[in-house]
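In: Below are the sequence and a predicted model; questions follow.
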Amino acid sequence: MTEQISNHEVRDTIIVGTGCAGLTAAIYAARSNLKPLVLEGHEPGGQLSITTLVENFPGWPEGIQGPQLIENMRVQASRFGANFRMGHLSSVDLSKRPFALHVGKEVLHTRTLIIASGASARWLGLPSEQALIGHGVSSCATCDGFFFSGKEIAVVGGGDSAMEEALFLTRFATKVTVIHRREHFRASRIMLERAMAHEKIHFLTNTAVEEVLGVEEKEVSGLRLRNLVTLEESILMVSALFLGIGHEPNAKMFAGQLDLDDDGYIRTHQNVFTRVPGVFACGDVQDRRYRQAITAAGTGCMAALETEKFLEEHGR
Ligand code: NAP
């Protein structure tokens with residue numbers, strides 16, 4: 001077992017996550033002089049940092065690039081005194097006060113905790129898919145699309161993420177095939193219509209990916225597909241597969257200490273309260289319904305305001 005170094009400083013608040021929710025909480029907590037420590041995991045900036053143009057965040061009539069929006073929030077939080085620290089949160093102890101957070105070899109202590117750990121891309125779970133991640137299988141079109149210039153690409157999923165990825169990939173690909181397991185799409189009408197109107201985008205509905213081809217060559221060469229109505233099998237020759245099938249909440253480490261729902265989201269009441277007083281959750285780790293940048297920012301703000309109130313009520 002690795003040796004743990006206990007840091008005896010007890011902080012007023014620690015914020016876990018640097019996406020839209022965490023950074024908004026950091027801006028509010030820092031402006032309230034709580035000197036928040038903001039823990040940054042292995043997906044800094046959260047989902048906005050791997051998206052392209054955000055057209056629906058109020059205040060940006062022409063839209064703003066996701067990474068720029070995140071950078072602006074970070075600068076804003078730093079300006080008011082938020083401290084950032086890279087580190088993987090491996091476990092927490094919320095049974096005693098102050099709460100203990102294990103980050104690498106260190107144990108950090110805090111009176112309150114704001115969980116804004118977000119959600120991560122979901123995978124199909126096929127062994128061939130897992131073997132080819134980084135070799136033509138990706139969950140991030142903005143990160144990896146460029147590598148497939150002049151190639152044919154497939155995107156799996158039927159929601160807004162899949163449409164957004166497909167549209168973005170038309171910049172590079174000669175053809176993008178969207179593969180969806182049902183006839184009907186979950187995507188918003190505007191996104192679906194945009195994708196359907198694009199000459200480079202083709203659709204395969206009622207279809208599942210059963211295998212990604214190219215494992216031995218360590219390079220995606222195609223997909224083995226199954227039509228879920230006729231049960232017919234087919235091969236689609238593509239150089240890359242992008243996943244656009246949603247996200248999983250990053251809440252596993254809180255299991256047993258906080259209430260999680262069947263899909264692993266942290267259950268909250270009155271928006272951001274968890275079952276442990278002084279522990280608040282905001283953004284995509286607790287929101288399975290809206291999952292928007294603006295709603296994540298909204299709950300981040302609420303979590304910081306409730307944290308301040310909690311500390312005040314407990315004599316800080
Ligand atoms: P989503 O709406 O939950 O859609 C996920 C899609 O992936 C669904 O079509 C689902 O199929 C499919 N899927 C899930 N698991 C699968 C599996 N194992 N195999 C095959 N297909 C699978 O997720 P999302 O598209 O990431 O969107 C999440 C939220 O973010 C939404 O509120 C969305 O509006 C928002 N968003 C907005 C924008 C934008 O406005 N620019 C961009 C991205 C996301 P079924 O339909 O059969 O369940």
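Out: Thanks, I have it. No experiment lies behind these values; they were computed from the predicted model shown.
In: Do a quick rundown of the helices in the stretch 51-200 of the chain.
Out: 66-79, 127-131, 141-144, 160-169, 189-197 (DSSP state H, counting those that start in this stretch).
In: Kindly reformat these as a markdown table containing mean neighbour count and distance to the ligand.
Out: Any C-beta I mention is one placed from the backbone N, CA and C, and that applies to glycine too. Shown next, in a markdown table, are the helices of the stretch 51-200 of the chain (neighbours: other CB atoms under 10 Å; distance: least, CB to the nearest ligand atom, whole Å):
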| stretch | mean neighbour count | distance to the ligand |
| --- | --- | --- |
| helix 66-79 | 18 | 10 |
| helix 127-131 | 15 | 10 |
| helix 141-144 | 20 | 11 |
| helix 160-169 | 24 | 3 |
| helix 189-197 | 14 | 6 |
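In: what's the least confident stretch among those helices?
Out: Least confidently modelled of the helices of the stretch 51-200 of the chain is helix 141-144, at a mean of 83 by mean pLDDT.
In: This protein against the ligand: which residues are in contact?
Out: Proximity of the chain to the ligand (CB under 6 Å from any ligand atom) is limited to residues 122, 124, 156-162, 164, 181-182, 186, 188, 245-247, 291.
In: redo that, cut-off 5 Å
Out: By the rule CB under 5 Å from any ligand atom, the part of the chain lying against the ligand is 157, 158, 159, 160, 161, 164, 181, 182, 186, 245, 246, 291.
In: Need the helices of the stretch 51-200 of the chain in CSV (columns: distance to residue 36).
Out: Shown next, in CSV, are the helices of the stretch 51-200 of the chain (distance: least, CB to CB, whole Å):
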stretch, distance to residue 36
helix 66-79, 8
helix 127-131, 36
helix 141-144, 29
helix 160-169, 30
helix 189-197, 35
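In: Any idea which of the ones you listed gets closest to residue 254?
Out: helix 66-79 (23.3 Å; CB to CB).
In: Counting by contacts, list what the closest one packs against.
Out: helix 20-31, strand 53-54 (3 or more CB pairs under 8 Å, 6 or more residues apart in numbering; DSSP states H and E).
In: Pick the most deeply packed of the ones you listed.
Out: Burial of the helices and strands packed on helix 66-79 is given as mean neighbour count (mean count of other CB atoms under 10 Å); helix 20-31 ranks first at a mean of 29.
In: Show me what secondary structure element comes after it.
Out: Helices and strands here follow DSSP states H and E; after helix 20-31, the next one along the chain is strand 37-40.
In: Parallel or antiparallel, list what pairs with that next one.
Out: Applying DSSP bridges, strand 37-40 is found paired with strand 5-16 (parallel), strand 83-86 (parallel).
In: neighbouring contacts of that strand?
Out: 11, 13-18, 22-23, 26, 77, 82-87, 89, 101, 103, 108, 110 (CB atoms under 8 Å, 6 or more residues apart in numbering).
In: do the same with stretch 161-172
Out: Stretch 161-172 is contacted by residues 51-52, 141-142, 145-146, 148-151, 153, 155-157, 176, 178, 180, 185, 187, 191-192, 194-195, 198, 200-201, 242, 244-246 when judged by CB under 8 Å, 6+ apart.
In: about what we covered before: just the buried ones among the contacts of strand 37-40, please.
Out: Burial by neighbour count, judged by 16 or more other CB atoms under 10 Å, picks out 11, 13-18, 22-23, 26, 77, 82, 84, 87, 89, 101, 103, 108, 110 from the contacts of strand 37-40.
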